[in-house]
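Trainee: with the sequence up front, the predicted model follows.
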There are 2 protein chains.
Amino acid sequence: MPLVVVGSVALDSVETPTETRENILGGSAVFFTYAASYFTGVRLVSVVGEDWPEEHTKLLQARGIDTEGLEVVAGGKSFFWRGRYEEDMNNRETLDVQLNVFGEFDPKLGEAHRRCKYLFLANGPPEIQLRVLAQCPGAQLRVADTMDLWIKSARPQMDELLRQIDGLVLNDSEAKLLSGEENLVKAGKAVRQMGPKFVVIKKGEHGAMFFGEHEMYVMPAYPTDGLVDPTGAGDAFGGGMMGYLAEQGNFDPATLKKALAYGTLTASFAVEGFSLDGLKRIERADIDRRMEQYQRMLSF
Amino acid sequence: MPLVVVGSVALDSVETPTETRENILGGSAVFFTYAASYFTGVRLVSVVGEDWPEEHTKLLQARGIDTEGLEVVAGGKSFFWRGRYEEDMNNRETLDVQLNVFGEFDPKLGEAHRRCKYLFLANGPPEIQLRVLAQCPGAQLRVADTMDLWIKSARPQMDELLRQIDGLVLNDSEAKLLSGEENLVKAGKAVRQMGPKFVVIKKGEHGAMFFGEHEMYVMPAYPTDGLVDPTGAGDAFGGGMMGYLAEQGNFDPATLKKALAYGTLTASFAVEGFSLDGLKRIERADIDRRMEQYQRMLSF
């Protein structure tokens, strides 16, 4: 089943304790689509400026990603983000954000996109996420990501979004902020009560937690000592998860669980390089091989 | 197989965001022995003062714990610790420590204790841990816990201890401190290179990591929304792990892995109450029931 993702496409400058990269390919929808492309056909909906290097689009197309929905604004500048990771690579500081054309982004989905059954709303203003939802009334699975900014600044729209989606993916601090609960088990349950059928809390190097109607579980991250750049890990997680669900064409509890594991593993490759470097060097078979190791690791 | 543990027995005053308890039963060896007692016979070696309530000793004895090695110093005062947990229950501040009789503790093991095959050196000065090791030349499995204080203040003795033990159990920040590595996978591997055959890194609510000669793996903590007091969770983890190994009478890789899972689950009960309250209300069958849930949770 094809999958549509609406989110940011950006140029990032990333500083880690050992290395800095300037103006590399980034953005939530980029990491998401690239990760999902190992599992299913993906249609990207986003916006860039005139400064956008065509080679980036070609890189996505080379993996079969449909970039018809990637709007190029004449005279505009692409979304830019600059961040610096602390020594332990868990915390980062945003040094610069220039929304540029993404700040005016008002996605208009084409006919093929509107008919998609699997829809992922990457992090963005809930108001925009709601407008996309309205364009896809026939979607079977609608999952959104979010961030602290919207939880703090757009709570009414956030609450409305939560009532309209099937699944929410967010990180641990966002889940605490949204629910007001310090304990993550309580936080996940509380967020699910706000509307979504399932909630996934991403804990970075500590894995992910799932909260569904009948079950709750935790999965550890795949342990790697090859961490290079955590940027986009959460988006790659979402891409692996949604890509697998779209590939399977269903989202029953067993499929969702396997999808979480695929999200975990796809993210573990993504952090092994800057930008898409960690993902670019793998094939689907590498993910499946890591899946076997992961399942062995969790058997006793 | 019986198991000997040498460590602290204390009176704790614990402040959580919602409740404070004064002078409750605590200490690393108390949490350890009580957790281990669900699996095997345990011999406790420690010291208390004249202020020690006899009912605490009786509580341990009621679970079959051998307290012959618990020395009572006439005129002395028991080890006292006071701590306060922050809102998220992950970080705590030590408000008061009075080592009292534990500060002069120089364990002299009796004949039966010296013959024990399974030995656990709970957190204490490495110099004392080394003296205990010297008294048990026939031990088959020697595992130690430690803390940042000794890593910083007694490094030569710490290094010697690492060369003499089979396993080391420590928490994530301690592993980073000991190895100088920020990545936990690198940290665990580096600590293993210092001597022990295996290293277990405890990550609190995020689970545990194992580093052996041929394998490395991660286990998530059992998710609970019933967290009351995390004090002693790491010691209960060690007790469940070592108790299971002693019960099985071997420590091959498969048994070690199962032991880590038992440690994880025993700790998950321990945090559901103050002092030993979380453990006191369970039977071995409750741990095994949670083990089934845990294994189901990790299957997909």
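Mentor: Great, that's in hand.
Trainee: with adjacent residues omitted, what lies nearest to the residue in the stretch 1-150 of chain A positioned nearest to chain B?
Mentor: In the stretch 1-150 of chain A, the residue found nearest to chain B is A:Asp88; the distance is 4.7 Å by CB to the nearest CB. The C-beta positions use only the backbone N, C-alpha and C, and glycine is treated the same way. With CB to CB, 6 or more residues apart in numbering or on different chains as the criterion, A:Asp88 has its nearest non-adjacent residue at 4.7 Å, and that residue is B:Glu182.
Trainee: wait, that neighbour touches A:Glu87, no?
Mentor: Yes: between B:Glu182 and A:Glu87 there is a contact under CB atoms under 8 Å: 5.6 Å.
Trainee: list residues touching both of these two?
Mentor: Applying CB atoms under 8 Å, 6 or more residues apart in numbering or on different chains, one finds that B:Glu182 and A:Glu87 are jointly contacted by A:Pro17.
Trainee: so which of these two has more stuff around it?
Mentor: For B:Glu182 versus A:Glu87, neighbours defined as other CB atoms under 10 Å in any protein chain shown are more numerous around B:Glu182 (15 against 10).
Trainee: that one: what's it in contact with?
Mentor: Taking CB under 8 Å, 6+ apart, we find B:Glu182 in contact with A:17, A:87-89, B:176.
Trainee: model confidence for it, exactly?
Mentor: Note on B:Glu182: pLDDT of 92.
Trainee: report the secondary structure state of it.
Mentor: Using DSSP: H, G, I helix; E, B strand; the rest coil, the structure places B:Glu182 in coil.
Trainee: could you measure the residue most central in space within chain A against A:Gln140, distance?
Mentor: Centroid check for chain A by CA atoms, centre = their mean gives A:Asp235 as the closest residue, at 2.5 Å. Look at A:Asp235 and A:Gln140: by CB to CB, to the nearest Å, they are 22 Å apart.
Trainee: same question for A:Asp288.
Mentor: Computed as CB to CB, the A:Asp288 to A:Gln140 distance reads 26 Å.
Trainee: just the strands from the stretch 101-250 of chain A, written as ranges.
Mentor: Along the stretch 101-250 of chain A, the stretches classed as strands by DSSP state E, counting those that start in this stretch are A:118-121, A:141-145, A:167-171, A:198-202, A:208-211, A:216-219.
Trainee: got the angle for the second one vs strand A:167-171?
Mentor: Pointing back at strand A:141-145 there. 20 degrees (axes from the mean of the first three to the mean of the last three CA atoms, to 10 degrees).
Trainee: mind listing what strand A:141-145 pairs with, with the direction of each?
Mentor: Sheet pairing of strand A:141-145 (DSSP bridges) gives strand A:118-121 (parallel), strand A:167-171 (parallel).
Trainee: buried deepest among those, which one?
Mentor: When the strands paired with strand A:141-145 are scored by mean count of other CB atoms under 10 Å in any protein chain shown, the highest mean neighbour count falls to strand A:118-121 (a mean of 30).
Trainee: can you give the distance of that strand from its chain's centre?
Mentor: The chain centroid and the centroid of strand A:118-121 are separated by 10 Å under CA atoms, centre = their mean, to the nearest Å.
Trainee: follow-up on the earlier one: nearest to A:Gly124, of the contacts of B:Glu182?
Mentor: For these, the minimum distance to A:Gly124 (CB to CB) is 25.4 Å, reached by A:Met89.
Trainee: re earlier: can I get the strands of the stretch 101-250 of chain A in TSV with mean pLDDT?
Mentor: Listed next are the strands of the stretch 101-250 of chain A as TSV, based on pLDDT from 0 to 100:
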stretch	mean pLDDT
strand A:118-121	98
strand A:141-145	98
strand A:167-171	97
strand A:198-202	98
strand A:208-211	98
strand A:216-219	97
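Trainee: what would those look like in JSON lines with distance to B:Gly212?
Mentor: Putting these into JSON lines (distance: least, CB to CB, whole Å) gives the following:
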{"stretch": "strand A:118-121", "distance to B:Gly212": "39"}
{"stretch": "strand A:141-145", "distance to B:Gly212": "37"}
{"stretch": "strand A:167-171", "distance to B:Gly212": "31"}
{"stretch": "strand A:198-202", "distance to B:Gly212": "29"}
{"stretch": "strand A:208-211", "distance to B:Gly212": "25"}
{"stretch": "strand A:216-219", "distance to B:Gly212": "22"}
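Trainee: thinking again about what came up before, the residue of the stretch 1-150 of chain A closest to chain B and B:Val185: what is the separation?
Mentor: A:Asp88 sits 13 Å away from B:Val185, going by CB to CB.
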